[in-house]
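Peer 1: kindly return the folded structure for what I paste below:
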Amino acid sequence: MPHTALPSPSAPPVVFVGAATMDSIVLVSGYPGPDERVVAEDLVFAGGGPAATAAVAAARLGVEAAFVGTVGDDEDGRRILEDLAAEGVDVSGVTRAAGARSAASVIVVDALRGTRAICNRPGPGVDTARGAELVRGAQWVHADHVGWAAVAQLLDLTATARPKVSVDAGNPIPDFTPAGVDLYVPTLEALRRTHGDGTGDEALLEAALREGARRVVATDGSRGSLAADATGERARAAGVPVDVVSTLGAGDVFHGALVAAHVRDLPLDDALEYANHVAALSCLGLDGRSAIPTHDDVTARLRARTARPA
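Peer 2: Model (predicted):
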C-alpha cells in the first residue's frame with residue numbers, strides 16, 4: 001500500500017493510547033427480532049477500537065504512528081498486533097496481559113436504516129510498562145476514553161516541555177476535564193450533554209474553551225465539523241457526501257486524520273476539511289479501516305474539488 005511518509009526521521013512518532021479490538025461485522029437489511037434469523041449481505045472480521053483505528057488512519061496518511069495499549073495473550077490479541085504492524089503502526093509499546101481476553105465486538109450494521117448495534121467485550125486496562133517512554137517522547141499523544149487515565153498519569157499538562165495532547169471525547173471519560181488539552185475532540189452531541197441542549201453550536205465551543213481546552217474540534221456526523229481556538233480563530237467545514245456503506249469507525253478515522261493534519265501544520269480550516277474527507281471516504285467500507293484513503297488520495301480529491309468550476 002503506497003504511503004507518503006513525512007521527511008522527519010528524527011522526530012518522535014505520534015502515539016495513540018487506548019483501545020484495540022477485534023471486530024466481527026455483519027451487514028444486514030434489517031435487524032432480526034427475537035428468535036429470528038436473517039441472511040447477512042456481508043460479514044467481515046477486522047481490527048477496531050478508537051485509538052487503534054486512529055493510529056491506522058494516521059499511518060495510512062503517511063504519518064509515523066505508534067500504538068500504546070494492552071491486549072490479551074489470546075488469538076485475538078495476536079491478530080490485533082499483526083494487523084496494526086501490517087499497517088506500519090509501531091506496536092513496541094503494547095503489553096499483553098497474561099490470562100486475559102482481548103477486547104472484541106460483534107457489530108450489526110443495518111443497511112436500510114444506516115444504523116448499527118454493537119456488543120462489546122472489554123479488554124484489559126491500559127498498562128504503559130512498555131509504552132511510557134514512547135508517550136513522553138512523542139510529538140503528539142492522542143488518547144481515547146480507555147487511554148486517557150494512563151496518559152494523565154504520564155504527562156503533566158501544566159508543563160511547557162511535553163508532547164501536545166489530543167483527546168477523543170466522543171465517549172464519556174470519568175473525571176475528565178479538557179483543561180490544558182491542546183486538541184479536545186468531542187462530538188457536538190457530547191458537548192450538548194455537558195453544557196445544555198438549548199445552547200448554540202458556537203456557544204458550546206466557547207464553553208469548552210472556558211473549561212481550559214486550547215483548541216476544540218466538534219464533530220457533527222454527516223454535517224461536518226467545527227472548531228474554535230483559544231487564540232480566537234474559528235473554522236467550520238461541511239460534511240462530504242459519499243455512498244455510505246457503514247459509518248463504523250468514521251469518528252476514530254477523523255481523529256487520526258485530524259492529528260495527522262496537525263502534524264503536517266495545516267491551517268485549521270484545511271485540517272477540518274482534510275479530516276472530513278478522510279472520514280467520509282472511510283465510510284465506503286463495511287469495517288472502519290479498509291477504505292481509509294492515503295494522503296495522496298485525499299490531496300488529489302481536494303485538488304480536484306478546488307479546480308472544479310463553480
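
Peer 1: quick check: L248 touching S290?
Peer 2: No. With contact defined as C-beta atoms under 8 Å, L248 does not reach S290; the gap is 10.6 Å. (Glycine included, C-beta is placed from N, CA and C.)

Peer 1: of the two, who's got more company?
Peer 2: More neighbours surround L248 than the other of L248 and S290, with 25 against 13 (other C-beta atoms under 10 Å).

Peer 1: chain neighbours aside, what residue packs nearest to that one?
Peer 2: Nearest residue to L248, sequence neighbours excluded (C-beta to C-beta, 6 or more residues apart in numbering): G288, at 4.8 Å.

Peer 1: contacts only, for that neighbour.
Peer 2: Neighbouring residues of G288 by C-beta atoms under 8 Å, 6 or more residues apart in numbering: D23, A46, G48, T53, S246, L248, G249, A250, D252, V253, S282.

Peer 1: now do the fourth one against G123, distance only.
Peer 2: Plainly put, T53 is 15 Å away from G123 if you go by C-beta to C-beta, to the nearest Å.

Peer 1: looking at those two, which has the bigger crowd around it?
Peer 2: T53 (35 against 26).

Peer 1: tell me the SS of that one?
Peer 2: Judged by DSSP: H, G, I helix; E, B strand; the rest coil, the three-state class of T53 is helix.

Peer 1: residues touching the helix or strand hosting A207, excluding its own?
Peer 2: Element membership of A207, judged by DSSP states H and E, is helix 201-210. Residues outside helix 201-210 that contact it (C-beta under 8 Å, 6+ apart) are 178, 184, 186, 188, 191-192, 194-195, 199, 216, 218, 220, 226-228, 230, 234.

Peer 1: what's the helix or strand for the residue positioned nearest the centre of the chain?
Peer 2: For the chain, the residue nearest the mean C-alpha position is D252 (2.3 Å; C-alpha atoms, centre = their mean). Using DSSP H and E, D252 sits within helix 250-263.

Peer 1: which elements pack onto the helix or strand following that helix?
Peer 2: Where DSSP H and E defines the elements, the next helix or strand beyond helix 250-263 is helix 268-282. Applying 3 or more C-beta pairs under 8 Å, 6 or more residues apart in numbering; DSSP states H and E, one finds that helix 268-282 contacts strand 224-229, strand 234-238, helix 250-263, helix 295-307.

Peer 1: look up how far A149 lies from A103.
Peer 2: For A103, the distance to A149 equals 16 Å [C-beta to C-beta].

Peer 1: where are the low-confidence patches of the stretch 1-150 of the chain?
Peer 2: Across the stretch 1-150 of the chain, the ranges flagged by pLDDT under 70 are 1-12.

Peer 1: hey, where'd the strands end up in it?
Peer 2: For the stretch 1-150 of the chain, applying DSSP state E, counting those that start in this stretch gives strands covering 14-17, 21-28, 42-48, 65-68, 70-72, 95-97, 104-110, 115-121, 140-143.

Peer 1: most packed of the helices and strands packed on helix 268-282?
Peer 2: helix 250-263 (a mean of 27; mean count of other C-beta atoms under 10 Å).
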